[in-house]
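> Sharing a sequence plus its predicted fold:
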Amino acid sequence: MSAQDYRLYIGNLSFDTTDSLLYQLFSQFGSVKEAVAVKDKDTEEPRGFGFVKYIRLEEAEEAIREMNGQTVDDRVLVVKFADEHSRTNRRSSN
């Protein structure tokens, strides 16, 4: 990840969410560099979360404000900076 990338964690995704849909949902807030709906590496089954990468901090912050808590495909999304998600998971697993 380059210094100017801002990576968002997108949680509680429907298993029907594709990279393309994730890109469409989040590109309304700015230039999305990458959008990935994560799949299991062995089974290729959706994992229910993904990542979206922005180049500009302001766009990433707007996406968090606008999309966190929004319902998409009957699922309430969790949207936050990816590094924040990692810190939270490390604390809860200790």
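Looks like it arrived, so ask away.
> contacts, neighbours, all on C-alpha from now
Noted.
> Which residues lie in contact with K80 in this structure?
K80 is in contact with 8-10, 64, 68, counting by C-alpha atoms under 8 Å, 6 or more residues apart in numbering.
> If we use 6 Å, what do you get?
Residues counted as contacts of K80 (C-alpha atoms under 6 Å, 6 or more residues apart in numbering) are 8-9, 64.
> And A35, by the same measure?
If you count contacts by C-alpha under 6 Å, 6+ apart, A35 has them with 19, 23, 51-52.
> swap in G30?
G30 neighbours (C-alpha under 6 Å, 6+ apart): E59.
> rewinding a little: and which of the contacts of K80 is nearest to T43?
Comparing the contacts of K80 against T43 with C-alpha to C-alpha places Y9 closest, at 21.7 Å.
> Let's see which of the contacts of A35 end up in strands.
Judged by DSSP state E, those include 51-52 as members of strands.
> Whichever of the contacts of A35 end up buried, select them in ChimeraX.
Of the contacts of A35, the buried ones go into a single ChimeraX selection, burial set by 16 or more other C-alpha atoms under 10 Å:
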select :19,23,51,52
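> Generate CSV for the contacts of A35, with distance to R75 as supplementary columns.
Putting these into CSV (distance: C-alpha to C-alpha, whole Å) gives the following:
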residue, distance to R75
D19, 17
Y23, 17
F51, 16
V52, 18
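> could you dump the contacts of A35 to TSV with distance to E44 and pLDDT?
Listed next are these as TSV, based on distance: C-alpha to C-alpha, whole Å; pLDDT from 0 to 100:
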residue	distance to E44	pLDDT
D19	13	97
Y23	19	98
F51	16	98
V52	19	98
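> In contact with the closest residue to S31 other than its chain neighbours, which residues?
Counting by C-alpha to C-alpha, 6 or more residues apart in numbering, the nearest residue to S31 once its immediate chain neighbours are dropped is Y54, at 6.2 Å. By C-alpha under 6 Å, 6+ apart, the contact list for Y54 reads 5-6, 32-33, 60.
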